[in-house]
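# task: produce atomic coordinates for the following.
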Amino acid sequence: MKLSDHKGVMAQFIWNEEDVPYLTKVRNAQDWLNPMQKPHPMQKPASPERFLNLHREVPKLSFPANIETSLPQYLTFRADFAFDGDLNTFFWSSRPPGAGEVFTLKLTEPKETSKVIIKTGVQQMNGQDRVFNGLLRVSSDSDCSVAAQSKIDASGTAMVKLPSSMQTVRCVQMEVLEAQENWVVISEIQFV
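Now for the predicted structure:
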């Protein structure tokens, strides 16, 4: 619902956050970050921190690693947030991914683990920002040659159980297999 205040400035009233379309939330995120913009006194405050999980600090990675991606970040949603051990932070791309785009995590030292999980999308966006058709690859080599892989499921999650011949991981790579319309969130990469 939009109303005009006495100065002719349009203000958007949000009665229920679930009623606001996904793309409207994305477009309004930039406005929410502007500290000079004051909400109308009768307007229900829409908290960007609660709604979009905006993070301004540089995250500490779970393990020493290098992260490479062909996807540009949106605002302060850095790629490092996908591997900081915090399920409330995430990487958010600033455009929809195309087929063949990748998100690669290369550990500086091999890590012993039994499985690797990648979670895409966040609950606040009702799954619209998950990877719809993708593949998770896990390798013991730093060049990400495929040793084990799993397709990302309908919920935007993939899990690779390491075969007995592979005890350590050096590289984790998520590849988008088909272009999609929505921007992508990578919530977390976990070693279990």
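
# neighbours around Ile152, how many?
24 (other CB atoms under 10 Å). Glycine gets a C-beta too; all of them are placed from N, C-alpha and C.

# hang on, it packs against Gly134?
Yes - with contact defined as CB atoms under 8 Å, Ile152 and Gly134 form a contacting pair (4.1 Å).

# mutual contacts of these two, please.
Overlap of the contact sets of Ile152 and Gly134 (by CB atoms under 8 Å, 6 or more residues apart in numbering) consists of Thr120, Ala158, Met174.

# those in strands, which ones?
Those of those mapping onto strands are Thr120, Ala158, Met174, per DSSP state E.

# neighbour-wise, give me the winner out of those residues.
Thr120 (27 neighbours).

# nearest residue to it in space, please, no chain neighbours.
Using CB to CB, 6 or more residues apart in numbering and skipping the chain neighbours, the partner closest in space to Thr120 is Gly156 (3.9 Å).

# which pLDDT value goes with the one you found?
Gly156 carries a pLDDT score of 95 in this model.

# hang on, the earlier thing: quick check, nearest of the shared contacts of Ile152 and Gly134 to Asp80?
Met174 (15.1 Å; CB to CB).

# that closest one against Leu135, yeah?
Yes - assessed by CB under 8 Å, Met174 is found in contact with Leu135 at 7.2 Å.

# overlap in contacts of these two?
Taking CB under 8 Å, 6+ apart as the criterion, Met174 and Leu135 both touch Ile152, Ala158.

# contacts only, for the closest residue to Trp183 other than its chain neighbours.
In space, not counting the residues next to it along the chain, Trp183 is nearest to Ser93; the distance is 5.0 Å by CB to CB, 6+ apart. Contacts for Ser93 (CB under 8 Å, 6+ apart) come out as Leu71, Pro72, Gln73, Tyr74, Trp183, Val184, Val185.
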